[in-house]
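Visitor: got a sequence here, can you model it:
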Amino acid sequence: MTYCVGMMLDKGLVLMSDTRTNSGVDNISVFRKMHHWSVPGERMIALMTAGNLATTQAVISQLEERNKAPAERHNSVLEAPTMFQVATEVGRMLRETIASSDESNGETAGPGTFTASIIVAGQIKGMEPRLFLIYPEGNFIEASFDTPFFQIGETKYGRPIILRGYSRDMSFEDAVKLLMVSFDSTIKANLSVGLPLDLLVIENDRFEPAHQRRIGKDNPYFHAISVGWSEALKLAFESLPDYTFFMPKDAG
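Guide: Below you'll find the model as predicted:
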């Protein structure tokens, strides 16, 4: 399992992903799930992946090969005219990769064995930043004012944090803090999500990473967030009205 979040702000996009991949409690590995490419002054594109590792690595490898292909091969996401076309191409590759894996393995693989989903984010010069969630079938939806962030992987533990704290006009720094709380809550609730985390900030009209960092277990800021959030929750709980077995009947 994994956990990835892509978030839209007025200032740009903030992405965060974990790196844990496990096949049982005794086989835990670290694999990068966030990848990005840029053409300085022209475009910035990032992907985050969740699901079957062989499937997602196959899609990323194809994208890497196409981005390094000779100029006469016009099939790279670095040449797509719009972010919509980028999402369309990534969706097609994901669908074909899953179909090919299912066909190759036949009845030896159970249903959904090779499934995966992808978050695509970025901006092309002259256009607005865009954020897409691509499903295993290759179709996708786009973030909007009503749905300003996407999650993939183990989403349920960190979602309430984002819903309560998100504001489209918040600063990049506050968005990163909010995501760290969301990831800390998820990590504590589910062993299949874990450090290190990858962070990427894409600022409007800046076609290179505005900020990127790998956050490991020794990161002092993440540690402060984790400890501070736990203490804040305890204080909030203690400040709530006490329950009593002797409530008046008319109080319900």
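
Visitor: count the neighbours of residue 236 for me.
Guide: 9 (other CB atoms under 10 Å). Using the backbone N, CA and C atoms, a C-beta is placed for each residue, glycine as well.

Visitor: and it, what element?
Guide: Under the criterion of DSSP states H and E, residue 236 resides in helix 220-239.

Visitor: show me what that helix is packed against.
Guide: If contacts are counted by 3 or more CB pairs under 8 Å, 6 or more residues apart in numbering; DSSP states H and E, helix 220-239 sits against helix 172-189.

Visitor: in CSV, list the C-alpha atoms belonging to the helix it packs on.
Guide: In CSV, the C-alpha atoms belonging to helix 172-189 read as follows (Å, rounded to 0.1, in the frame of the first residue of the first chain):
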residue,chain,number,x,y,z
PHE,A,172,2.9,26.6,0.5
GLU,A,173,4.5,26.3,3.9
ASP,A,174,1.1,25.8,5.6
ALA,A,175,0.1,23.3,2.9
VAL,A,176,3.3,21.3,3.6
LYS,A,177,2.5,21.4,7.3
LEU,A,178,-1.0,20.2,6.7
LEU,A,179,0.2,17.3,4.5
MET,A,180,2.8,16.3,7.2
VAL,A,181,0.0,16.0,9.8
SER,A,182,-2.0,14.0,7.3
PHE,A,183,0.9,11.6,6.6
ASP,A,184,1.8,11.3,10.3
SER,A,185,-1.8,10.3,11.1
THR,A,186,-1.7,7.7,8.3
ILE,A,187,1.7,6.3,9.2
LYS,A,188,0.6,5.8,12.8
ALA,A,189,-2.7,4.1,11.7
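
Visitor: for it, buried residues please.
Guide: Within helix 172-189, the residues scored as buried using 16 or more other CB atoms under 10 Å are 172, 175-187.

Visitor: and the helices in the stretch 1-150 of the chain?
Guide: For the stretch 1-150 of the chain, applying DSSP state H, counting those that start in this stretch gives helices covering 53-67, 83-105.

Visitor: can I get those helices in TSV including mean neighbour count and mean pLDDT?
Guide: Listed next are these as TSV, based on neighbours: other CB atoms under 10 Å; pLDDT from 0 to 100:
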stretch	mean neighbour count	mean pLDDT
helix 53-67	17	93
helix 83-105	18	93
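
Visitor: let me know which of those helices is the nearest to residue 231.
Guide: helix 53-67 (36.2 Å; CB to CB).
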